[in-house]
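1. From the sequence below, what's the structure:
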Amino acid sequence: MTFLSSLDDSSAAPFGAPTALVFQAAEPGEGQRWSTWPATIPSERGPEPRPDWLVTSAAAIDTELGVVKTGKEADLHLIERAIADAAADVPGNRVLLAAKRYRTSEHSDFHRSAIYTEGRGLRRTRDVRAVAKGTSFGRAVARVQWAYAEFDALSRLTALGASVPYPVQVHETEVLMEFIGDGRVAAPRLAQQRADAATLRELFHQVADFMRTLARAGLAHGDLSPYNLLVHHGRIVAIDLPQVVDLVSNPQGFDLLHRDCVNVCDWFTRRRLECDAEELFGELVGEVGF
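-> As a prediction, this is how the structure comes out:
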């Protein structure tokens, strides 16, 4: 993966004439590919200002490091995007990314509920009919639709200042995002936490703040639970966001918001932290921006 440079044959060139640099790059090896960043268009890239750790060089290579998590609809992979032989400690040269890949029709059990897509639309009537009928083409369209929905949700929530992974890019059925963890180890879920009362109270306040940020924008996570909230060095980070719902355009929106409140408060209550789902729901409804 080294990049070699050499001066061209200048024996025939007049004295003082500039010489061209010739670059030869080794092809990516097994489990590698050229960075897909150059293949994306601006609307498929994360919001600006972009973090300084982001690797955007066309000379970068993506290396597969393994599967972080498998699911019915998508698998989460860990990849390293790096410029060959570049200093690892310089921002923009090397970074670990999470690649969420919605599965192909041969390997998926795609079952996203239609309640999340109420109020959304597809541009082409052919796509609408195919998705409604559940044809192979329709399932393929749905997977792309969910990938872009997740990327759009991450982008919007990043702009709102919500605690979510930074969305790097989306391409077809793959969403690349910031990897939340230490080294190659993903941050634990909230469901795995065994914390004291003071820590639990702080974590609950962070979850409520996240929900409040969404509510002020007229949004709800729609599937919030301790299993899609990570805890990284004491900070809550929400994941699994393709189903984010608009509380105004989706007729099920407030029911889904209420379910989020119940799921969160039930978990904290079982750990003896006093919180009331109805009180939280009422507060969030009062925050909703129309």
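2. Please count neighbours and contacts with C-alpha atoms only from this point.
-> OK.
3. Where does the prediction get shaky in the stretch 1-150 of the chain?
-> 1-26, 104-114, 116-142 (pLDDT under 70).
4. Can you show me the helices along it?
-> Ranges of helices within the stretch 1-150 of the chain are 125-133, 136-160, based on DSSP state H, counting those that start in this stretch.
5. Per the annotation, how does the protein divide into domains?
-> Using automatic domain parsing, the domain ranges for the chain come out as 3-182, 187-287.
6. Among the ones you listed, show me which one is buried the most.
-> For these, the largest average neighbour count (mean count of other C-alpha atoms under 10 Å) is found in domain 187-287, namely a mean of 18.
7. In this structure, what residue spans correspond to strands?
-> Per DSSP state E, the chain carries strands over the ranges 3-7, 21-25, 32-34, 60-70, 74-83, 94-102, 167-171, 174-178, 181-182, 185-186, 219-220, 229-232, 235-238, 245-246.
8. and residue 192, which of these is closest to it?
-> strand 229-232 (9.2 Å; C-alpha to C-alpha).
9. ok now the closest one, how far from the chain's centre?
-> 14 Å (C-alpha atoms, centre = their mean, to the nearest Å).
10. Give me the helices and strands touching that strand, please.
-> Where contact means 3 or more C-alpha pairs under 8 Å, 6 or more residues apart in numbering; DSSP states H and E, strand 229-232 is packed against strand 235-238.
11. outside of the strand it packs on, which residues touch it?
-> Identification of contacts with strand 235-238 by C-alpha atoms under 8 Å, 6 or more residues apart in numbering yields 163-165, 203, 206-207, 228-231.
12. Max pairwise distance over the residues you listed: which two?
-> Largest separation among the contacts of strand 235-238 by C-alpha to C-alpha: 165 and 203, giving 17.4 Å.
13. for residue 263, what are its contacts?
-> 224-226.
14. do that again at 6 Å, thanks
-> Shown in contact with residue 263 (C-alpha atoms under 6 Å, 6 or more residues apart in numbering): residue 225.
15. Likewise for residue 163?
-> So residue 163 contacts residue 237 (C-alpha under 6 Å, 6+ apart).
16. Tell me the pLDDT of it.
-> On pLDDT, residue 163 comes in at 98.
17. hang on, the earlier thing: I'd like the contacts of strand 235-238 written out as a markdown table, with distance to residue 257 added.
-> Listed next are these as a markdown table, based on distance: C-alpha to C-alpha, whole Å:
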| residue | distance to residue 257 |
| --- | --- |
| 163 | 18 |
| 164 | 18 |
| 165 | 21 |
| 203 | 19 |
| 206 | 17 |
| 207 | 13 |
| 228 | 15 |
| 229 | 16 |
| 230 | 19 |
| 231 | 22 |
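18. Go through the residues you listed and flag which are in helices.
-> Those of the contacts of strand 235-238 mapping onto helices are 203, 206-207, per DSSP state H.
19. Just the closest of those to residue 40, please.
-> residue 207 (32.9 Å).
20. In terms of pLDDT, where does that closest one sit?
-> At residue 207, pLDDT is 98.
21. I'd guessed residue 92 sits against residue 53; true?
-> Yes. Taking C-alpha atoms under 6 Å as the definition, residue 92 is a contact partner of residue 53 at 4.8 Å.
22. ok, residue 91 to residue 276 distance?
-> Using C-alpha to C-alpha, to the nearest Å, residue 91 is found at 44 Å from residue 276.
23. cool, and residue 58?
-> Counting by C-alpha to C-alpha, the gap from residue 58 to residue 276 is 51 Å.
24. Please apply the same query to residue 66.
-> Residue 66 sits 40 Å away from residue 276, going by C-alpha to C-alpha.
25. and what of residue 40?
-> Taking C-alpha to C-alpha, one finds residue 40 at 45 Å from residue 276.
26. give me every residue that touches residue 157.
-> With contact set as C-alpha under 6 Å, 6+ apart, residue 157 has no partners.
27. who are the neighbours in contact with residue 230?
-> Here residue 230 is in contact with 188-190, 236-237 (C-alpha under 6 Å, 6+ apart).
28. and the residues you listed as a markdown table, adding pLDDT?
-> Converted to a markdown table, the contacts of residue 230 look like this (pLDDT from 0 to 100):
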| residue | pLDDT |
| --- | --- |
| 188 | 96 |
| 189 | 97 |
| 190 | 97 |
| 236 | 98 |
| 237 | 98 |
